[in-house]
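>>> Pasting a predicted model and its sequence here:
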Amino acid sequence: MTVTTVEQCSVEQLVEAINRRKPSGPVSLNLIRKVLPKPIRQCDEALAEALRIGAVWKYGAVRRIDQYWTEPPAEYAWKLVEQKLQKNPSGVTQKEIQKIATSPVLSGVLDAHDWIASLSSSGRLFAQVRVGKTRKEIFTTDQYDFVDRLIDQAVANLKDLAEQNQLTLGAVMERALKRLSSDCGMNAEKVETRPQSAAVDSKPPATFGHLLETVSTSEEDSTPDSEVREQILQAMRDINPRADEGSPVLMHELRQRLDFQQIEKLRFDHILLDLYRAQQVLLFKTSSAQLTSDERHSFVSDADGNFYNAVTFWRK
């Protein structure tokens, strides 16, 4: 009779197994084990370590069974909101957002009120003025959505005015702009057009804020940011060949690999946060309650006081 040796699972194998699950999303430990190679079945130690370093997050219980995933609950919940917005670009109601936050898999791990407030304060969602017949508060990713609708309505009224009085729309619009400029105390030439939103305005983190918008390269370090970004991405692959598959790279190992003594911590943090906003990497947040001074220096931090101790590639 052949006896099969049961092997211990590593953190990297655990993360890889979780990310291979289809459809992607929080999953139980039993289902994670089924994805692993047959000899590997002992995952308790790897799971405890993955939770400690922020490579895996514990979610709520579904049918009394705890679920796990490689993204923070707030980020996973945001993706569910984005899916709803893709189906209904005109916006989602607060009730719909609350329903996501209070679903079984997120219940107890995500405070609905605080999460929705963070989405608004970070610029991911904007509460819209109630325009039209609906009396529900609508949230969209475009701050100017309700303004656009009001402008569309105003333009339609100006078109009607031009047609009724046999005037050109251009002439009517010109007079309207002069009146607006006069009322606002501005010259027509100085009226600003709507700014173009950055491609990542509705993506990350919102908890990251706008860190280091004015950081400049010092004389001692003239390496362009684009070159440093490539160095970081290549170093991640060198440290962990499975990083492209979602396996984490510890932040202190990344710093050591790249020898960042010549690159200021603020600049290093800024570049990694930039990569996150561009959806090239995913950062893993850790509790800041008991961090040592060395850990605070080696981890990436943002303007909101969050610390990130690991990074991996963003899996599209």
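Noted; the coordinates are in hand. Numbering: from 1, shown residues only.

>>> Gln94 - how many residues pack around it?
15 (other CB atoms under 10 Å). No exception for glycine: its C-beta is placed from N, CA and C like everyone else's.

>>> distance of it from Ala101?
10 Å (CB to CB, to the nearest Å).

>>> do the same with Ala77
Distance from Ala77 to Ala101, by CB to CB: 6 Å.

>>> next one: Ile263
Counting by CB to CB - Ile263 and Ala101 are separated by 38 Å.

>>> before we move on, the earlier item: now the common contact residues for Gln94 and Ala101.
Taking CB atoms under 8 Å, 6 or more residues apart in numbering as the contact rule, Gln94 and Ala101 both touch Ile116.

>>> so where is the chain shaky, pLDDT-wise?
1-6, 129-137, 143-150, 181-222, 260-262, 289, 316 (pLDDT under 70).

>>> just the strands in it please.
Using DSSP state E, the strands assigned to the chain run over residues 7-8, 40-42, 57-62, 65-69, 92-93, 126-128, 138-140, 249-250, 281-286, 300-301, 307-313.

>>> Can I get these in a markdown table including mean neighbour count?
Converted to a markdown table, the strands of the chain look like this (neighbours: other CB atoms under 10 Å):
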| stretch | mean neighbour count |
| --- | --- |
| strand 7-8 | 14 |
| strand 40-42 | 15 |
| strand 57-62 | 18 |
| strand 65-69 | 17 |
| strand 92-93 | 18 |
| strand 126-128 | 18 |
| strand 138-140 | 21 |
| strand 249-250 | 22 |
| strand 281-286 | 23 |
| strand 300-301 | 22 |
| strand 307-313 | 23 |
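
>>> In JSON lines, list these along with distance to Val109.
Shown next, in JSON lines, are the strands of the chain (distance: least, CB to CB, whole Å):
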{"stretch": "strand 7-8", "distance to Val109": "27"}
{"stretch": "strand 40-42", "distance to Val109": "26"}
{"stretch": "strand 57-62", "distance to Val109": "6"}
{"stretch": "strand 65-69", "distance to Val109": "10"}
{"stretch": "strand 92-93", "distance to Val109": "21"}
{"stretch": "strand 126-128", "distance to Val109": "25"}
{"stretch": "strand 138-140", "distance to Val109": "22"}
{"stretch": "strand 249-250", "distance to Val109": "24"}
{"stretch": "strand 281-286", "distance to Val109": "13"}
{"stretch": "strand 300-301", "distance to Val109": "23"}
{"stretch": "strand 307-313", "distance to Val109": "18"}
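
>>> do you know which of those lies nearest Ala176?
Nearest to Ala176, of all the strands of the chain, is strand 126-128, at 23.9 Å by CB to CB.

>>> longest single helix anywhere in the chain?
The longest helix of the chain (DSSP state H) is helix 145-164.

>>> Report all helices and strands that that helix contacts.
strand 126-128, helix 169-184 (3 or more CB pairs under 8 Å, 6 or more residues apart in numbering; DSSP states H and E).

>>> So what's the residue count around Gln153?
A total of 12 residues lie near Gln153 under the criterion other CB under 10 Å.

>>> just Gly91 next, same as before
Neighbour count for Gly91, taken as other CB under 10 Å: 22.

>>> Verify the contact between it and Gln128 for me.
Yes. Contact status for Gly91 versus Gln128: in contact at 6.3 Å, counting by CB atoms under 8 Å.

>>> Check the offset of stretch 120-130 from the chain's centre.
From the chain centre to the centre of stretch 120-130 is a distance of 16 Å (CA atoms, centre = their mean, to the nearest Å).

>>> buried set for it?
Within stretch 120-130, the residues that count as buried by 16 or more other CB atoms under 10 Å are 122, 124-126, 128.

>>> Ok, stretch 270-279 next?
In stretch 270-279, counting by 16+ other CB under 10 Å, buried: 270-277.

>>> Next: stretch 231-240.
Here stretch 231-240 shows 231-233, 235-236, 239-240 as buried, counting by 16+ other CB under 10 Å.

>>> My read is that Gly60 contacts Val109, right?
Yes. Using CB under 8 Å, Gly60 is in contact with Val109, at 5.6 Å.

>>> Touching both of these two, which residues are there?
Common neighbours of Gly60 and Val109, counting by CB under 8 Å, 6+ apart, are absent.

>>> If we ignore the residues flanking it in sequence, what's nearest Leu272?
Val300 (5.1 Å; CB to CB, 6 or more residues apart in numbering).

>>> residues in contact with that neighbour?
251, 268-269, 272-273, 283, 307-308, 311.

>>> From those residues, pick the one nearest Leu14.
Val311 (17.1 Å).

>>> buried set for stretch 284-295?
Within stretch 284-295, the residues scored as buried using 16+ other CB under 10 Å are 284-286, 291.
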